[in-house]
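K.L.:
Have a look at this fold, sequence not included:
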DNA sequence: CTTTTGGTTCCTAATTTTAAGAACTAAATT
DNA sequence: AATTTAGTTCTTAAAATTAGGAACCAAAAG
């Protein structure tokens, strides 16, 4: 694969960044590699070799990344290999998907308040405020995405 | 402390939720306990006892949560104990703090593109789009918070 | 029908994380 | 000054995560 030192360093930094949001090291590095690599589509073996990792680690990380919707693979007729690539062209979907999960926490907060004593007025109101702001985000973030697309043109 | 079954279940759910964003189990449960507890301010020992955890686990988790800006403690004259509570009244600051960290990823993406081959036009443009949208979020999210506060009144 | 290729799964070793227990410290109380 | 209180730090055991190696499997090639 022949990566420069700069590229390797970037891959590691991206890897660490992803790890912070709960991704395992190998998976983070695969993300990094696909960001950085001159070829945006890499085969299983190119990935394995570029990062010097085992087949099992490669296989597991790739399938987890696909479940997380970060990755997909394409095939070409007459070629048995899978070509893995970031789902970069569909990053808007990923954003919207993240927006959806905001609701979960908001709902949990409302359950909390429902279960709380009504003695602690101010505290409960703060909790409800957070829940309400999250709901606001939930409706407004998709709009923000649309606005951004408008002003990009 | 005397928690109901419902309260204990909620604490665990909140705990698991926090764990998903990289928090350790005990820290997640402490967050949960403070959300749910009738008293919004609890002492070291009340926390330790309510969750049935050791002093060291309590101490470490509390100091980590303080570093993450999720928690603070207050004291009362004539009382040696610290009273720990969520920084709920300052949740806006926490949101804005999160907004700041968006920039980091955006900048990393720009570095990536700077380092990439210029052959992959579309790919690079996608990366720059993501970076640009993140910058857009960075400026717009604080406005969203202000707007929400306006319409709340 | 045998072999090769591309990848997955199972099992295990190594590393990391988590949290307990005991020893410790600083301030307040007696 | 001695003791108690409130919490921290150090060491270690247990549990969970991570990733390697080998065996395995299905499809394609020979």
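P.N.:
Happy to help now that I have it. Predicted model only: the values in this text are computed from it and were never measured.

K.L.:
How about the helix or strand where residue A:150 lies and chain B, touching?
P.N.:
Assigned by DSSP states H and E, residue A:150 belongs to helix A:121-152. Yes. Shown here: helix A:121-152 in contact with chain B (Cβ under 8 Å from any Cβ of the partner chain) through A:123, A:126-127, A:129-130, A:132-133, A:136-137, A:140, A:144-145, A:148, A:152. Placement of C-beta: from N, CA and C, glycine included.

K.L.:
That helix packs against which elements?
P.N.:
helix A:91-115, helix B:91-115, helix B:121-152 (3 or more Cβ pairs under 8 Å, 6 or more residues apart in numbering or on different chains; DSSP states H and E).

K.L.:
repeat that for 6 Å
P.N.:
helix A:91-115, helix B:121-152 (3 or more Cβ pairs under 6 Å, 6 or more residues apart in numbering or on different chains; DSSP states H and E).

K.L.:
Contact residues of chain A facing DNA strand C?
P.N.:
A:43-45, A:55-56, A:58-60, A:62-63, A:73, A:80-82 (Cβ under 7 Å from any atom of the strand).

K.L.:
got the residues you listed as JSON lines, with pLDDT and neighbour count columns?
P.N.:
Shown next, in JSON lines, are the residues of chain A next to DNA strand C (pLDDT from 0 to 100; neighbours: other Cβ atoms under 10 Å in any protein chain shown):
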{"residue": "A:43", "pLDDT": "97", "neighbour count": "16"}
{"residue": "A:44", "pLDDT": "97", "neighbour count": "16"}
{"residue": "A:45", "pLDDT": "97", "neighbour count": "11"}
{"residue": "A:55", "pLDDT": "97", "neighbour count": "10"}
{"residue": "A:56", "pLDDT": "96", "neighbour count": "9"}
{"residue": "A:58", "pLDDT": "97", "neighbour count": "20"}
{"residue": "A:59", "pLDDT": "97", "neighbour count": "12"}
{"residue": "A:60", "pLDDT": "97", "neighbour count": "14"}
{"residue": "A:62", "pLDDT": "97", "neighbour count": "20"}
{"residue": "A:63", "pLDDT": "97", "neighbour count": "12"}
{"residue": "A:73", "pLDDT": "97", "neighbour count": "15"}
{"residue": "A:80", "pLDDT": "93", "neighbour count": "7"}
{"residue": "A:81", "pLDDT": "96", "neighbour count": "13"}
{"residue": "A:82", "pLDDT": "97", "neighbour count": "16"}
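
K.L.:
What is the nearest of those residues to residue B:103?
P.N.:
residue A:62 (29.6 Å; Cβ to Cβ).

K.L.:
what helix or strand does that closest one sit in?
P.N.:
Per DSSP H and E: helix A:55-67 holds residue A:62.

K.L.:
Tell me which helix or strand comes right after that helix.
P.N.:
strand A:71-76.

K.L.:
Name every strand pairing with the next helix or strand after that following strand and say which way it goes.
P.N.:
Following strand A:71-76 in sequence order, the next helix or strand is strand A:79-86 (DSSP H and E). When pairing is defined by DSSP bridges, strand A:79-86 lines up against strand A:42-43 (antiparallel), strand A:71-76 (antiparallel).

K.L.:
which of those strands is buried the deepest?
P.N.:
strand A:42-43 (a mean of 19; mean count of other Cβ atoms under 10 Å in any protein chain shown).

K.L.:
which residue sits closest to residue A:110, ignoring its sequence neighbours?
P.N.:
residue A:131 (5.2 Å; Cβ to Cβ, 6 or more residues apart in numbering or on different chains).

K.L.:
Could I get the contacting residues of the one you found?
P.N.:
Neighbouring residues of residue A:131 by Cβ atoms under 6 Å, 6 or more residues apart in numbering or on different chains: A:106, A:109, A:110.

K.L.:
Try it again at 8 Å.
P.N.:
A:106, A:107, A:109, A:110, A:113 (Cβ atoms under 8 Å, 6 or more residues apart in numbering or on different chains).
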